[in-house]
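# Sequence first, then the predicted structure:
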Amino acid sequence: TEGMAEIRRKHLELKHEVLALLSSRTEAELADPLRVEKLQAELLERINARIMRKGRAVQVMVTGFELE
């Protein structure tokens, strides 16, 4: 679909957006038990507002998360 093609083309922009969001979080925010759900919701909003032009993301999945 057109949306998936746009996501593939904008891979680096998407990666940058994820890193920017994570780096803006405090350790306490990242330790929150609901962090994954909150991050998924915020990423979905940011991706659609800042990156997607032709299509829209409908779901963001965080498949791994580790604090050191």
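Yep, that arrived.
# the helices in the protein, which residues?
2-9, 11-23, 27-31, 35-50 (DSSP state H).
# and the last one, which residues are buried?
For helix 35-50, a neighbour-count test (16 or more other Cβ atoms under 10 Å) marks R35, L39, L43, R46, I47 as buried. Using the backbone N, CA and C atoms, a C-beta is placed for each residue, glycine as well.
# and that helix, what other elements does it pack with?
Where contact means 3 or more Cβ pairs under 8 Å, 6 or more residues apart in numbering; DSSP states H and E, helix 35-50 is packed against helix 11-23.
# Kindly format the C-alpha coordinates of the helix it packs on as CSV.
Taking C-alpha atoms only, helix 11-23 is exported to CSV below (Å, rounded to 0.1, in the frame of the first residue of the first chain):
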residue,chain,number,x,y,z
HIS,A,11,12.8,4.9,7.7
LEU,A,12,15.6,7.3,8.8
GLU,A,13,13.1,10.0,9.8
LEU,A,14,11.1,7.5,11.8
LYS,A,15,14.2,6.3,13.6
HIS,A,16,15.3,9.8,14.4
GLU,A,17,11.8,10.6,15.8
VAL,A,18,12.0,7.5,18.1
LEU,A,19,15.5,8.4,19.3
ALA,A,20,14.4,12.1,19.9
LEU,A,21,11.4,11.0,21.9
LEU,A,22,13.4,8.5,24.0
SER,A,23,16.2,11.0,24.7
